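Trainee: Fold the following.
(one chain, ligands or ions: 2)
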Amino acid sequence: MIKKVAATIALILVVSLSIAGCTVSPSTTRETPIVHLHSSWVQKSYVYEGGIHFHSTNSDGANTSEQMSAAYRAEGFNFTVLTDHQVVTSNYTPAPSILAISGGEITTCEHGNNCTFPGQVHIIAVGITQPIGEKSGSTVSQNTQVVINNIMNQGGLAALAHPALLGYIYTNPLGLQNYTFVETQNYTIPRMNLTALTNAQAWQYYDDILTGGKQVWALRDDDAHGTTLVNRSATMVNADHLTNADILANLKEGNYYVAAGFGSTGTRDMARISSIATNNDTITIKVPQKSTIQWIKSGGVIAKTTANVTTDFYIAQGNEGYVRIVVSRSDNLVAQAWSQPIFVTL
Ligand SMILES: [Zn+2]
Ligand SMILES: [Zn+2]
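Mentor: Ligands and ions are numbered 1, 2, ... in the order given. The predicted structure is shown next:
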């Protein structure tokens, strides 16, 4: 009897110890390396919809800054970053309830003093208050870096503008420092029939930068030069307050996603992301409408595709480098949303 009780106790002990072993001290029994996920998504009180990179009559736009602001407000945007060429347009009255963050688009040249096509590049400056004129100099990328540093010294954030536009491709994006974004897609360029990389090539350019070790965020902008071209792209920022400081801080950290439509005539019908969460080695995304979810890793390789779901997950192996998510709505595959890269380390 005593033996039987002792055996039972021993069995219970073994079972409880093995359960405890799984839950309390996995490091002693785990054979696979632990994967670390570095996600920039932090849920906040609100999601603010922003329009970054567009023009007014203060440079080559067709409408005034007031008209452009009103057009974005009418489409439900919460903030804008007006980016006229070489100047900072700030002396205007934005539409009611819209936050107008100042900015600019600066032309510089990568190849010596000859600041003409090709070799001319454009840099989007988000949050600068002082204009930065066209820059030219003597060494490859030197001028670009000077402009980016100027933006940073003003507390602003720099984006490599439309590298998909042929002739405006940054030749050494891995050598440049201190920029925050790459404008992976720009609505206006294909609409104007400008000679551009295909979407796939433009994405490959961005994936090459990420694969090269840069931690920079993707943007997709209207580059609207008139009120009829607004709201083809939206920058959806997680933030607690609709203020310059809070929007810029969350943009800098990559705490936003991109919503886009790619319709041939320019659809305003975009996809949305509800949440992105990480838990140990697993990334989970939730979207409001049934969508195809693509998980893309280092090199631009598609690691997983799931069709027609509102939630999906990905288990990282540790060798991905990064994982970014592309959401394409099932009812309209050109209505997309893109996550920022989630960096994976062991
Ligand atoms: Zn430009
Ligand atoms: Zn522009």
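Trainee: Now do the one helix or strand Gln336 maps to: which elements does it pack against?
Mentor: Secondary structure here is read from DSSP states H and E; on that basis Gln336 sits in strand 332-338. In terms of contact count using 3 or more Cβ pairs under 8 Å, 6 or more residues apart in numbering; DSSP states H and E, strand 332-338 is assigned the packing partners strand 256-261, strand 322-329. Yep, even glycine has a C-beta here, placed from its N, CA and C like the rest.
Trainee: buried set for it?
Mentor: Using 16 or more other Cβ atoms under 10 Å as the test for burial, strand 332-338 gives 332, 335-338.
Trainee: And stretch 77-86, by the same measure?
Mentor: 77-84.
Trainee: Could you tell me the model confidence score at the closest residue to ligand 2 within the chain?
Mentor: Using Cβ to the ion, the single residue of the chain nearest to ligand 2 is Asp223, 4.4 Å away. The predicted local distance difference test score for Asp223 is 95.
Trainee: pLDDT below threshold where in this protein?
Mentor: 1-31, 111-114, 116, 136-141, 262-267 (pLDDT under 70).
Trainee: ok, which residues in it are in contact with ligand 1?
Mentor: Taking Cβ under 5 Å from the ion as the contact definition, the chain meets ligand 1 at 122, 161.
Trainee: show me where the chain has helices.
Mentor: Assignment of helices within the chain using DSSP state H yields the ranges 2-23, 26-29, 65-74, 142-153, 188-191, 199-211, 244-252.
Trainee: Tell me the bridge partners for Asn332.
Mentor: Each beta-bridge partner of Asn332 is listed here, defined by DSSP bridges: Arg329.
Trainee: Look up how far Ala159 lies from the most centrally placed residue in the chain.
Mentor: Computing the C-alpha centroid of the chain and ranking residues by Cα atoms, centre = their mean puts Ala218 first, at 3.0 Å. Computed with Cβ to Cβ, to the nearest Å, the distance linking Ala218 and Ala159 is 10 Å.
Trainee: Give the residues shared as contacts by those two.
Mentor: Taking Cβ atoms under 8 Å, 6 or more residues apart in numbering as the criterion, Ala218 and Ala159 both touch 181-182.
Trainee: I'd like to check which residues are in contact with the nearest residue to Asp281 once chain neighbours are set aside.
Mentor: If the residues on either side of it in the chain are set aside, Asp281 comes closest to Val35, at 4.0 Å by Cβ to Cβ, 6 or more residues apart in numbering. Each residue near Val35 by Cβ under 8 Å, 6+ apart is listed here: 280-281, 316-318, 344-346.
Trainee: how about the strands in the stretch 151-300 of the chain?
Mentor: Counting by DSSP state E, counting those that start in this stretch, the segments of the stretch 151-300 of the chain that form strands are 157-160, 181-186, 217-221, 233-239, 256-261, 275-279, 282-297.
Trainee: what's the domain layout of the protein?
Mentor: Per automatic domain parsing, the structural domains of the chain span 46-261, 271-346.
Trainee: hey, which of those domains is tucked in deepest?
Mentor: Sort the domains of the chain by mean neighbour count, taking mean count of other Cβ atoms under 10 Å, and domain 46-261 sits at the top with a mean of 20.
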